[in-house]
Each structure stands twice: as structure tokens, then as C-alpha cells.
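K.L.:
Fold the following, please.
(chains A, B, C and D)
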2 protein chains.
Amino acid sequence: MFFLKELPSRQMVDGYADQFADVDVDRVLDALRLMRRASLLIRELEAYFARHDLSQLRFLMMILIDREPERNCLAASEIAERLDVSRPVVTRTLQGLERAGLIAISENSEDARSRNVTLTLSGKAKLDEVLPGYFAILHRPDPAADK
Amino acid sequence: MFFLKELPSRQMVDGYADQFADVDVDRVLDALRLMRRASLLIRELEAYFARHDLSQLRFLMMILIDREPERNCLAASEIAERLDVSRPVVTRTLQGLERAGLIAISENSEDARSRNVTLTLSGKAKLDEVLPGYFAILHRPDPAADK
DNA sequence: TTCCTTTAGTTATCATGCTAACTATATAAT
DNA sequence: ATTATATAGTTAGCATGATAACTAAAGGAA
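P.N.:
The predicted structure follows:
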């Protein structure tokens, strides 16, 4: 995360960048602004989800399952793949969701190593509960409101 | 953080958003792209810093001190304020930097509660070591390379 | 079949973010 | 002067990210 409040001025970046060749100061400042704005947005989303006993990751996993057209279930490995998050994080997060009753985990008859993950009714209800606020936060013009 | 690989299509967002009023689908997709790109960039920076026994936060703290015009030192509370990070995180990170010999922490003669933080020579050297690679990562066009 | 490699998932451990609750000092109010 | 409040910093404990190292099952090659 990147929460630096006052981004460096162009002069300051110049000051550092002068010591090295080929630094595009505008691009650096753009990248800093990008990280700052996204970090604030992510922090806000996490706080929102926490108030609903969720996290962004929990939410995204549920969305991924819900999104699944026919099967209405997913293997844990498919979730890890699509979310681009490490396996242990997937394992732990799924365990939490199961303990919370939001998903159900069952054996896969074709591959004993694999687990099928399904949304419970409670899980679907949780999605409905959370989605409006989610969109409200996302579609706000600039959560950073940098001055 | 937000690492969802395949962002939802406009149709999919529409599908969810239709159930609620006033959702600007383009704005939602923009926000998702923003978070994804920044998350990848932050992850890359953290990995880079980790290879130098730093973290983005450690780096930013050192930059803040180095940036300081005359005093060449900062109070911990000022660091917390400028970085917009919780106090305990500042405490812990400063302790780590001190143990690593990159900063020095001294008492403040005017306020017994406060601590003055200074960069050591080793700390300044570390900044020089790390800055070129930092700019190189930041000024890359689009680290996400979202197809 | 036996052995080797790959894949699915877990456990253990660490780093970094948070809040709540604490100590200690400084400052303001009475 | 005493009491109350605010500020600086720490500690404890939780959540979420990561890697490394593990078990177990599947698949391929000898």
C-alpha cells in the first residue's frame, strides 16, 4: 500500500532523478498518484467489507463462484488462478468463508485432490447485501480527493 | 490489494448493476482497472524493496527524513502524519529500521514524549542504492500490461 | 509395475496493515 | 495546585499478503 499524503513536487522528484539518467518525472508522478488513489480506495473498500464481516478477497471469491455460468461451483485452484493470489491465502480465506457459512466445500469425485466450492443461500444473500454499497464506493469520482 | 486477473466485462457489471439504481458502469470498470494496476505496481515495488532488505514503507520513511530541508530529522509523529499510516505501524517500522542501522533515534530535549529520527550514513547509502531501480519501476509505461 | 514429475491443497512462519487499550508527558481548565 | 484532557509512543492481538516446505493424488515414462 502507498499512503504518502503529500506527493513530492516535480522539483523534488527532479532533485532525486537528476542523479540518474532517463527518468521521466511526469510518469513517476503519475505512478505515485495512481498508487495513492488506489490505496485509499482499497482501504475504504476493506473497511466497508469489514463492517459486513467480509473482506475484498472474500467478496471477490464469492463473486467468482456466483459468476460461474452453469456449474455454479469452482475448484479452489481455479479461484487461485483467477485471483492471482497465493495458494495459502486461498486456502485460508476459503476456510474462513466456510466457517462463516457463506460457502460449502465438497469433494470432487473425479479428482480426490480437488475441492468444489459452492455459494450457500446465506452466501448469495450476503452478496446482495453488499453489492449496492460496493458499487457506490467504486463509482465515486475521486475517493482520494487530493486537495 | 486487488489482484483479480480478468476484470468483469461490461455486460457482467451491467448484470449486477441492473439490480441497483444509479450505477455508472464505466466508472466502476475504471475503478477496477485503477486498483488492479496499482496493486500490481505495489506488489512489484515491494518485491524490489524486499530484495534490498527494505519495504515501501521503510523506503518512504527514509525519503521523508532525507527530504527534510534544514533539520535533517523528524519526529515519529510527523512521519505518521505525512504517511497517513497508523501509529503502531510507524513504531514497528522505525524499530526495524533502527535495528538495521539505517536510522538513529534520539530523545527530544524539549518534549520527553517525542523521539527524533535521523538517517545514518548507512541509511543514506541505502537510499542511493535503491533509488535508480525505484524510478525504473515507476516510470515503466503500464506494469499491468492488461492485454 | 515402479519411479519421477506435476498438480491440489495445507501447514508453518514471516511481513505489513489495522484497532483497542495502555503508559507517560504536556497542556488547559478550574 | 489540582484535575482533566490531549498528545506521543508502545504493546497486544487480529487480518491479509507472501514463501518454503510439506502431504497426497494424478499422470507419464521406464
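K.L.:
quick one, helices of chain A?
P.N.:
Counting by DSSP state H, one finds helices in chain A at the ranges A:10-17, A:25-51, A:56-67, A:76-83, A:87-99, A:121-138.
K.L.:
near DNA strand D, anything from the fourth one?
P.N.:
No - contact between helix A:76-83 and DNA strand D, assessed by CB under 7 Å from any atom of the strand, is absent, since the two come no nearer than 8.6 Å. C-beta: built from backbone N, CA, C; applies to glycine.
K.L.:
That helix close to chain B?
P.N.:
Yes - if you take CB under 8 Å from any CB of the partner chain as the test, helix A:76-83 does meet chain B, through A:E81, A:R82, A:L83.
K.L.:
what number of residues lie near the closest residue to the first one other than its chain neighbours?
P.N.:
Of all residues not flanking A:E81 in the chain, B:K5 sits nearest, at 7.6 Å (CB to CB, 6 or more residues apart in numbering or on different chains). Counted by other CB atoms under 10 Å in any protein chain shown, the residues lying close to B:K5 total 11.
K.L.:
isn't B:K5 right next to A:A80, touching?
P.N.:
No - at 10.4 Å, B:K5 does not count as touching A:A80 under the criterion of CB atoms under 8 Å.
K.L.:
Now mean neighbour count too, for the helices of chain A, in CSV please.
P.N.:
Shown next, in CSV, are the helices of chain A (neighbours: other CB atoms under 10 Å in any protein chain shown):
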stretch, mean neighbour count
helix A:10-17, 15
helix A:25-51, 18
helix A:56-67, 21
helix A:76-83, 17
helix A:87-99, 15
helix A:121-138, 17
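K.L.:
Of all these, which one comes closest to B:V89?
P.N.:
helix A:25-51 (12.8 Å; CB to CB).
K.L.:
Output the contacting helices and strands for that closest one.
P.N.:
helix A:10-17, helix A:56-67, helix A:121-138, helix B:25-51, helix B:121-138 (3 or more CB pairs under 8 Å, 6 or more residues apart in numbering or on different chains; DSSP states H and E).
K.L.:
Export those as TSV, with columns for distance to A:F49 and mean pLDDT.
P.N.:
Formatted as TSV, those follow (distance: least, CB to CB, whole Å; pLDDT from 0 to 100):
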stretch	distance to A:F49	mean pLDDT
helix A:10-17	34	81
helix A:56-67	6	93
helix A:121-138	7	93
helix B:25-51	13	92
helix B:121-138	29	93
